[in-house]
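starting from these lines, generate the structure:
(one chain, ligands or ions: 2)
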Amino acid sequence: MMTLHGKASGAFSSITGEVTFTGRPFHSRGRAVLVTDRLGLSSLGYRGCIVSGGGRAGSCFPHHVCDVEDASHLHEGDIVSMDGSGRIRVLWEEGSSQNCLFLTERCNCRCVMCPQPPARSDSQPFLRQAEEVLNLLRGKKISDCCLTGGEPTLAGEDFFRLLRRAALEHPEALISVLTNGRLFSDKAFVRHLAGTPSRNVLFCVSLQSELDALHDEITGVKGSCVQTQQGIYHLAAHGFAVEIRTVISRYNYRYLPAFAEHIGNYFPFCAHCALMGLELHGHAEENARKLEVSPPEYAPYLKEAVRILERRGVPVSVYNVPLCMCPEEVRPRACRSISSWKNVYLPACSFCIQKEHCCGFFSTSASLPEEFLKPFTEGE
Ligand code: SF4
Ligand code: SF4
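Numbers count the residues shown, from 1 in each chain. Ligands and ions are numbered 1, 2, ... in the order given. Sure, this is the predicted structure:
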């Protein structure tokens, strides 16, 4: 999530609003945050202000954060939260297809490669914020919205309510849920999806291996492999589309072809399969020595897994693997998958003619496989 910093006008609690640079009529300023270079009479009535210049004392002015250097990174229609610490967080980026509603930091797995380690914090502030974002999006056309965490299903009834709201209020959008799927192994839990339209909802379920022992070792929870696979069946039985996601690591790369066969055999109904490169952050960074596998090492297995999935008629994509590190046959399946706010390229990439089609790298990764970089030139 992109975060900006400045000096807060005082100790105010979190404000969420829709960014405007151009200004609004007075009667519709109450849900907007004005971005301006200085406060004045035209700043009155807004929910808050983001000021690139200095602040101004006076109780008539809205709460504001001043001396914000990079306010130009914001767009008209973005949704931001700001608080008395001077922190401004972009909760919704207008025009982006990678927007998320973050529901909780809690998770019922402890994955060895988790880039955003779970925390036992109170989920209520996140849930209130997600609700506010949906309030501000009401009536707008959006293309995508992803419910995520932590494990979003741990929010229970709040999760189901927010999912239902997103799917019903935005029938034109793809509403996806990033989940480990464990709770859906409980048939009573899945029944809470009643009333949620399945037409525009996609469950993206992480499954790290078809081998119980290996999946459970990666997730840190015995029995999670069985639960996740039961969860996939229960979601599909309720008419929901399911994407299966797996992260390529030293633990599982040799088994990718067998994993692909397993999906073809047991989950041929799956809407999509994503084979994903690692983000070396959080637990993944701590466990880098156990997890890291170089692109040349996993390339033959990735190529074979993609071939098997294609042959079995399962749509497949490769995420987070730069084009020059993909086997040639796999490149058509590689996607620009990294959120723009944490997407970087290396200096040598500026000479590459494929840069605009390449996912590049995570800026958050502790190390990048620079030694395998090979810019594409004319004629390749
Ligand atoms: S990777 Fe996902 S399922 Fe695993 S611990 Fe992190 S949030 Fe939970
Ligand atoms: S050189 Fe850079 S931009 Fe080109 S394919 Fe490799 S990582 Fe991508």
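
for burial, what's the neighbour tally of residue 264?
For residue 264, the count of nearby residues is 17 (other C-beta atoms under 10 Å). Heads up, the C-betas are built off the backbone N, CA and C, glycines and all.

so what's it up against?
By C-beta atoms under 8 Å, 6 or more residues apart in numbering, the residues touching residue 264 are 308, 309, 311, 312, 313, 314.

by neighbours, which of these wins?
residue 309 (26 neighbours).

with adjacent residues omitted, what lies nearest to that one?
residue 316 (4.1 Å; C-beta to C-beta, 6 or more residues apart in numbering).

that neighbour reaches residue 276, doesn't it?
No - the criterion here is C-beta atoms under 8 Å, and residue 316 misses it with residue 276 at 11.4 Å.

what does the protein put close to ligand 1?
Counting by C-beta under 6 Å from any ligand atom, the chain comes close to ligand 1 at 107, 109, 110, 111, 114, 118, 150, 151, 180, 206.

the first one belongs to a helix?
No - per DSSP: H, G, I helix; E, B strand; the rest coil, residue 107 lies outside any helix segment and is coil.

figure out the helix or strand that the residue nearest to it when sequence neighbours are not counted lives in.
With C-beta to C-beta, 6+ apart as the criterion, residue 107 has its nearest non-adjacent residue at 3.6 Å, and that residue is residue 118. Using DSSP states H and E, residue 118 is not contained in any helix or strand.

now do the contacts for residue 118.
Residue 118 sits in contact with 105, 106, 107, 109, 110, 149, 150, 151, where contact means C-beta under 8 Å, 6+ apart.

helices of the stretch 151-300 of the chain, start to end?
Using DSSP state H, counting those that start in this stretch, the helices found in the stretch 151-300 of the chain span residues 157-169, 187-190, 212-219, 224-237, 256-266, 283-286, 288-291, 295-311.

okay if I get the ones you listed as CSV plus mean pLDDT?
Formatted as CSV, the helices of the stretch 151-300 of the chain follow (pLDDT from 0 to 100):
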stretch, mean pLDDT
helix 157-169, 98
helix 187-190, 97
helix 212-219, 98
helix 224-237, 98
helix 256-266, 98
helix 283-286, 97
helix 288-291, 97
helix 295-311, 98
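
reformat the ones you listed as JSON lines; add distance to ligand 2.
Listed next are the helices of the stretch 151-300 of the chain as JSON lines, based on distance: least, C-beta to the nearest ligand atom, whole Å:
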{"stretch": "helix 157-169", "distance to ligand 2": "33"}
{"stretch": "helix 187-190", "distance to ligand 2": "40"}
{"stretch": "helix 212-219", "distance to ligand 2": "27"}
{"stretch": "helix 224-237", "distance to ligand 2": "32"}
{"stretch": "helix 256-266", "distance to ligand 2": "21"}
{"stretch": "helix 283-286", "distance to ligand 2": "19"}
{"stretch": "helix 288-291", "distance to ligand 2": "20"}
{"stretch": "helix 295-311", "distance to ligand 2": "10"}
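
save those helices as TSV, and put in distance to residue 347 too.
Below are the helices of the stretch 151-300 of the chain laid out as TSV (distance: least, C-beta to C-beta, whole Å):
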stretch	distance to residue 347
helix 157-169	40
helix 187-190	49
helix 212-219	34
helix 224-237	41
helix 256-266	31
helix 283-286	23
helix 288-291	23
helix 295-311	19
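
so which of the ones you listed gets nearest residue 200?
helix 157-169 (5.8 Å; C-beta to C-beta).

can you list the buried residues in that closest one?
By neighbour count on 16 or more other C-beta atoms under 10 Å, the buried set for helix 157-169 is 158, 159, 160, 161, 162, 163, 164, 165, 166, 167, 169.

same check on stretch 332-344?
333, 334, 336, 337, 338, 339, 342, 343.

same question, stretch 278-292
278-288, 291-292.

just stretch 139-156 next, same as before
If you call a residue buried by 16+ other C-beta under 10 Å, then stretch 139-156 has these buried ones: 142, 145, 146, 147, 148, 149, 150, 151, 152, 153, 154, 155.

how about those, which pair is most distant?
Top of the distance list for the buried residues of stretch 139-156 (C-beta to C-beta): 142 and 154, 24.9 Å.

which residue does the stretch 101-250 of the chain have closest to ligand 2?
residue 248 (16.5 Å; C-beta to the nearest ligand atom).

the stretch 51-200 of the chain too?
For the stretch 51-200 of the chain, C-beta to the nearest ligand atom, closest residue to ligand 2: residue 98, 18.5 Å.

how many neighbours does that residue have?
14.

cool, and residue 100?
Neighbour number of residue 100 under other C-beta under 10 Å is 21.
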